[in-house]
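**Q** fold the following, please.
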Amino acid sequence: MADLKAFAEQLVNLTVKEVSELAAILKDEYGIEPAAAAAPVMVAGGAGEGAGEEEKSSFDVILKAAGGQKLAVVKLVKELTGLGLKEAKEVVDGAPKAIKEGIAKDEAEALKKQLEEAGAEVELK
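**A** Numbering: from 1, shown residues only. Predicted coordinates:
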């Protein structure tokens, strides 16, 4: 049981880049489409949200609007979150919506920059 708990802790602490790489490995090598598993990872990442606001060491990336390049933003949200295309479109259509919660400042700023380059309007909280 302790091994599973340690594994779960490792999964929760993955960076966006690591999650993206893991999704690619699962899909390419094992034929597993990780879209269904990505939603719990996003939810688990938000668990430390309250503590992060006090310390200002973790931030939420909020998509305010898709902008003129909606398709590019949907594709980027899909890539960054590991969601399926339909789920990513629902996130973009449901703006304002959190893309990632409880992440480090550097990672949050990098996500914001990528999303803004794709044409989205983004806010860090």
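
**Q** could you use CA atoms for every contact and neighbour count after this?
**A** Will do.

**Q** buried ones in stretch 97-107?
**A** Neighbour-count burial for stretch 97-107 flags 97, 98, 99, 100, 101, 102, 103, 105, 107 (criterion: 16 or more other C-alpha atoms under 10 Å).

**Q** quick one: the residue positioned nearest the centre of the chain from residue 57, how far?
**A** Using C-alpha atoms, centre = their mean, the residue of the chain that lies closest to the mean C-alpha position is residue 81, 3.6 Å off. Distance from residue 81 to residue 57, counting by C-alpha to C-alpha, to the nearest Å: 21 Å.

**Q** point out where the protein drops to low pLDDT.
**A** Residues of the chain meeting the criterion pLDDT under 70: 1-2, 34-56.

**Q** tell me where it has helices.
**A** Along the chain, counting by DSSP state H, helices occupy 2-12, 16-30, 35-45, 49-55, 70-81, 85-93, 105-117.

**Q** which one of these is the most hemmed in?
**A** Scoring the helices of the chain by mean neighbour count under mean count of other C-alpha atoms under 10 Å gives helix 70-81 as the most buried, with a mean of 20.

**Q** give me the angle between it and helix 85-93.
**A** Angle, helix 70-81 to helix 85-93, by axes from the mean of the first three to the mean of the last three C-alpha atoms, to 10 degrees: 110 degrees.

**Q** who does helix 70-81 touch, helix- and strand-wise?
**A** Here helix 70-81 is seen to pack against helix 16-30, helix 85-93, strand 97-104, helix 105-117 when contacts are counted using 3 or more C-alpha pairs under 8 Å, 6 or more residues apart in numbering; DSSP states H and E.
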